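Q: here's my sequence, what's the structure:
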Amino acid sequence: MENEKTVLITGATSGIGKALAHQFAANSYNLIIVGRHSDTLLKTKEELTSQYSIKIWNIEKDLAQDNAGQELYDEVKQSGHTVNVLVNDAGVGERGKFVDIPFTKYSEIIHLNILSLTHLTSLFLNDMVNRNEGKILQLGSIAGFQPGPLLAVYHASKAYVVSLSEALATELNDMNSDVTVTCLCPGPTDTNFFSKANMENTRVVKQKDKLMKEPKEVAEGAYKALMDGERLYIPGATNKIMTFIRRAIPKSMQANIQKQFYEQVEE
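A: I've put the predicted structure just below:
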């Protein structure tokens, strides 16, 4: 059908990415879902197809590997799909002192959070600009607005995503393009990010009932912001206030406040 639209979502099998897949499916988008494991991709596809009358294609790809972005793009192009919306959701972090974490982990974080995101954005954005149609949703974080001791590289990677997204939004506006870039910057969200990042016993997790939002709530707001062409979307009044208050205080104070959330707490 001519009116059919397709969204490609990386990191679509869990957390915010999965919630976004549900959100787009509920709005009649066909889905290309990307993840590292075929079993979780299949499970996610079955869950979505049982609820929505849409088409779904699975692509198994580890975007932390060299040239994975190009491989993904080529596979999508060869299959004949037009990606109307790109959602760069896949990301990873690791808690610990910078000197205690091996560089191989930092390489994974940088490849996934920065290199693959940038590569996919470059490839698909060029197509979108050429046809003057399309939207990109980047998963930033409120972590991108302040330094994060004990999650130093993760915070730095999200600062890159925020900066890149806002710059691209300006460039597209200067071109009078109908293509838009939106950066989603959630605060703590109840996903498996924290278990994967070795953060189960930290203050932010122990206080999750007070601090964390549900992925569904984040995804609903992000979808609306994307459709409205907003440059930046920070879910929740508290997250908005804290983000902009911290811009007005010294970086050393920002860092110390943030570090407290990532410190281990006694059982």
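Q: what ranges does the stretch 101-250 of the chain have for its strands?
A: Using DSSP state E, counting those that start in this stretch, the strands assigned to the stretch 101-250 of the chain run over residues 135-139, 180-184, 232-233.
Q: who are the packing partners of the last one?
A: Counting contacts by 3 or more C-beta pairs under 8 Å, 6 or more residues apart in numbering; DSSP states H and E, strand 232-233 packs against helix 152-174, strand 180-184, helix 215-227. Using the backbone N, CA and C atoms, a C-beta is placed for each residue, glycine as well.
Q: strand partners of that strand, parallel vs antiparallel please.
A: strand 180-184 (parallel) (DSSP bridges).
Q: tell me the SS of the nearest residue in space to V83 that is not next to it in sequence?
A: In space, and not counting its chain neighbours, V83 is closest to L8: 4.8 Å by C-beta to C-beta, 6 or more residues apart in numbering. When classified by DSSP: H, G, I helix; E, B strand; the rest coil, L8 comes out as strand.
Q: in this structure L8 contacts G35, no?
A: No: counting by C-beta atoms under 8 Å, L8 stays clear of G35, with 11.9 Å between them.
Q: quick one on the thing from earlier: next, count neighbours for the residue nearest to V83.
A: Using other C-beta atoms under 10 Å, the number of residues around L8 comes to 24.
Q: re the thing from before, in CSV: the strands of the stretch 101-250 of the chain, plus mean pLDDT, mean neighbour count and distance to V76.
A: Shown next, in CSV, are the strands of the stretch 101-250 of the chain (pLDDT from 0 to 100; neighbours: other C-beta atoms under 10 Å; distance: least, C-beta to C-beta, whole Å):
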stretch, mean pLDDT, mean neighbour count, distance to V76
strand 135-139, 98, 24, 14
strand 180-184, 98, 25, 19
strand 232-233, 96, 18, 26
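Q: format those strands as a markdown table; extra columns: distance to Y223.
A: Compiled in a markdown table, those are given as follows (distance: least, C-beta to C-beta, whole Å):
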| stretch | distance to Y223 |
| --- | --- |
| strand 135-139 | 8 |
| strand 180-184 | 10 |
| strand 232-233 | 10 |
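Q: residues in contact with the residue nearest to V83?
A: L31, I32, V34, V76, H81, V83, V85, L86, V87, F124 (C-beta atoms under 8 Å, 6 or more residues apart in numbering).
Q: got it, and V7?
A: Neighbour list for V7: F24, Y29, N30, L31, I32, V83, N84, V85, L86, V87 [criterion: C-beta under 8 Å, 6+ apart].
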